[in-house]
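> Next input, structure requested:
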Amino acid sequence: MRDLSRVAAQKTVLTLFFVQIILLSIACNTASAQQNVEAAASDTDLSKHPIYSKYDFGEASKVINFGTQPLGIPIGVLAEVMKRDNILRDAVKAKGLEIRVHPFLKGADLNFFCQRGQIDVGLSGDMPTIILAAECRIVIVALAKKGFSDVVAKKEMQITELKGKRIGYPPNSNAHYALLVALSSVGLKESDVRMIALDVNQMQEALHNNKIDAFAAWEPVPTLARAKYKDFVVVHRSLNESFMYFSRAMLNRHPDIARHLMASMIRAVLWMKKSENNLLQASKFTLEAGKSFLGWRADLTAEQIADITNRDLLELVHVPAIPEKDFMVDGPLCKEFEFLKTTGNLPESTKWEKIAGSLDRTLISEVVSNATTYRIYEFDYEFGGTKN
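You can find the predicted model right below:
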């Protein structure tokens, strides 16, 4: 009998031990989830994302939903100016509508909600825009950036030295593409390195903590990383672009609102070009938006954001029209399109003509031709309850 009691007692102890292990595991996983709020709750259903699940997109007939990326420069800067545009707000209100702005971590996340018909206008990088144009009916209307994706390491090195190294990258992005182009230029393949998929806001700490040997990312991540860690260096740089686009459904329902949105983007560019103070003010708002969204970018200054915005947008354009050559066969975007097919992100049967057919350069021309009607040279922004 004592033996049976001893066995029962041992089983009880073992049971309690395993319960403690399970509870400890749950506690650790819960803490990890809280620390990584930017991670999706599901690999495929971003409607359950810890941030995005809180978004209210409203009724499609009453709301224009604007998808932004506050962690992207200069598209985040453009969005911060546009969302404070009283002229745009009044024009939309006069039609019995409202604009709601929704921040996203990356273009792929924005695409998810566009595909669900919940986003009407977006600012995004070239790779996510190409994917969206292949899968959905969108109209690409304006250039929002012509800048660079960088490969960053802890020391000066040749690209050939990346062989066998761990490289962080945001999957299916222009940085991913830029990395593979860099490797290909020296005869290396993706299989010759260890590719580590990461979100852009994880890159710099992963490199600093030696979890990776290099990373590929777009601005402002390289600038932020090099400002915080003085030993970081850019070892390769590739050109990329960003765009503003509309859903075809929104453009068909509200063509005049689309023109007012286009005018607002033009105004934002002209207002920032007008003075350094304006650009700095817009950069400060962008910095605040990034911190509010994820508590990130504490080491990036408004001056650095302004420098990137000036270099990657304002110095390049007066009006943000997309050069027609950008969408030509065998152009840089077409090559990115072919890359997306090789990675399985687009069906092999997809034709470049579908992407090129999404380009609309007439909308911006109509707005510029009717500058007085769309008030592109007037500026009225809501800054902390005051107009500027």
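> next structured bit after the helix or strand where A134 lies?
Element membership of A134 [criterion: DSSP states H and E] is helix 126-135. As assigned by DSSP H and E, the chain's next helix or strand after helix 126-135 is strand 138-153.
> Just want the angle from that next one to helix 126-135.
Interaxial angle of strand 138-153 relative to helix 126-135 (axes from the mean of the first three to the mean of the last three Cα atoms, to 10 degrees): 150 degrees.
> Mind listing residues that contact the host helix or strand of D109?
D109 belongs to helix 107-115 when assigned by DSSP H and E. Outside helix 107-115, the residues within contact range by Cβ atoms under 8 Å, 6 or more residues apart in numbering are 40, 46, 49, 52, 57, 67, 69, 102, 104, 119, 122, 124-125, 127-129, 131-132, 135-136, 138, 171-173, 247. Where C-beta positions appear, they are placed from N, C-alpha and C, glycine not excepted.
> Let me see the contact set for the spatially most central residue of the chain.
What sits nearest the mean C-alpha location of the chain, by Cα atoms, centre = their mean, is K106, with 3.4 Å. Contacts of K106 were listed using Cβ under 8 Å, 6+ apart, and they are Q69, L71, P128, P170, S173, D199, V200.
> Distance from the chain centre to stretch 170-183, please.
Distance of stretch 170-183 from the chain centroid (Cα atoms, centre = their mean, to the nearest Å) equals 15 Å.
> Check which helices and strands the helix holding A134 sits against.
helix 107-115, strand 138-153, helix 174-185, strand 233-247, helix 332-342, helix 352-356 (3 or more Cβ pairs under 8 Å, 6 or more residues apart in numbering; DSSP states H and E).
> Which of those sits closest to L294?
Taking Cβ to Cβ, helix 107-115 is the member of the helices and strands packed on helix 126-135 nearest to L294, at 12.4 Å.
> and that closest one, how far from the chain's centre?
Centroid displacement of helix 107-115 relative to its chain, using Cα atoms, centre = their mean, is 10 Å.
> Now do that helix, average pLDDT.
Regarding helix 107-115, the rounded mean pLDDT is 94.
> got it, and stretch 137-145?
For stretch 137-145, mean pLDDT is 96.
> Please identify the buried residues of it?
I138, V139, I140, V141, A142, L143, A144, K145 (16 or more other Cβ atoms under 10 Å).
> Could you provide those residues in TSV, with additional columns for distance to E366?
What follows is the buried residues of stretch 137-145, written out as TSV (distance: Cβ to Cβ, whole Å):
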residue	distance to E366
I138	18
V139	13
I140	16
V141	11
A142	12
L143	17
A144	19
K145	23
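> now the strands: where do they sit in this structure?
63-68, 98-103, 121-125, 138-153, 166-169, 194-197, 214-218, 233-247, 382-383, 386-387 (DSSP state E).
> Point out where this protein drops to low pLDDT.
Confidence mapping of the chain against pLDDT under 70 gives the ranges 1-43, 295-299, 384-388.
> Can you give me the domain assignment for it?
Using automatic domain parsing, the domain parsing of the chain gives 46-146+241-387, 149-240.
> Report the beta-bridge partners for Y169.
Counting by DSSP bridges, Y169 forms beta bridges with A197.
> wouldn't it be in contact with I212 here?
No - contact criterion Cβ atoms under 8 Å: Y169 and I212 do not qualify, at 9.3 Å.
> Mind checking which of the two has more residues around it?
Neighbours around Y169 and I212, counted as other Cβ atoms under 10 Å, are more numerous at Y169. The numbers are 27 against 23.
> Would you mind measuring from the more buried one to F246?
The gap separating Y169 from F246 is 29 Å, by Cβ to Cβ, to the nearest Å.
> picking up where we left off before, enumerate the positions of the helix holding D109 that are buried.
Neighbour count says helix 107-115 has G107, A108, D109, L110, N111, F112, F113, C114 buried, by 16+ other Cβ under 10 Å.
> Out of these, the closest to N86 would be?
Using Cβ to Cβ, the buried residues of helix 107-115 come closest to N86 at L110, 25.4 Å.
> I'd like to know how far that closest one sits from M127.
The gap separating L110 from M127 is 12 Å, by Cβ to Cβ.
> wait, what's in contact with the closest residue to T68 other than its chain neighbours?
The shortest distance from T68 to any non-neighbouring residue, by Cβ to Cβ, 6 or more residues apart in numbering, is to A79 (3.8 Å). Applying Cβ under 8 Å, 6+ apart, we find A79 in contact with F66, T68, Q69, P70, V101, L123, A289.
> mind redoing it with 10 Å?
By Cβ atoms under 10 Å, 6 or more residues apart in numbering, the residues touching A79 are 66-70, 72, 101, 103, 121-123, 144, 244, 265, 268, 282, 285-286, 289.
> One more: I322?
140-144, 146, 241, 243-244, 333, 359-361, 364.
> got it, and D312?
Residues in contact with D312 (Cβ under 10 Å, 6+ apart) are 73-75, 77, 144-148, 218-219, 240-242.
> Could you turn the buried ones of those residues into a PyMOL selection?
A single PyMOL command selects the buried members of the contacts of D312 (16+ other Cβ under 10 Å):
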select buried, resi 73+74+75+77+144+145+146+147+148+218+219+240+241+242
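> As CSV, the contacts of D312 with distance to S184 would be great.
What follows is the contacts of D312, written out as CSV (distance: Cβ to Cβ, whole Å):
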residue, distance to S184
I73, 27
P74, 28
I75, 27
V77, 32
A144, 27
K145, 24
K146, 22
G147, 21
F148, 18
W218, 19
E219, 23
N240, 16
E241, 20
S242, 23
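> Touching, E353 and V329? I think so.
Yes - using Cβ atoms under 10 Å, E353 is in contact with V329, at 8.8 Å.
> List the residues that are in contact with both of these two.
With Cβ under 10 Å, 6+ apart, E353 and V329 have no common neighbours.
> intersection of neighbour lists for Y169 and I212?
M195, I196, L198, M203.
> number of nearby residues for P255?
P255 is flanked by 12 other residues according to other Cβ under 10 Å.
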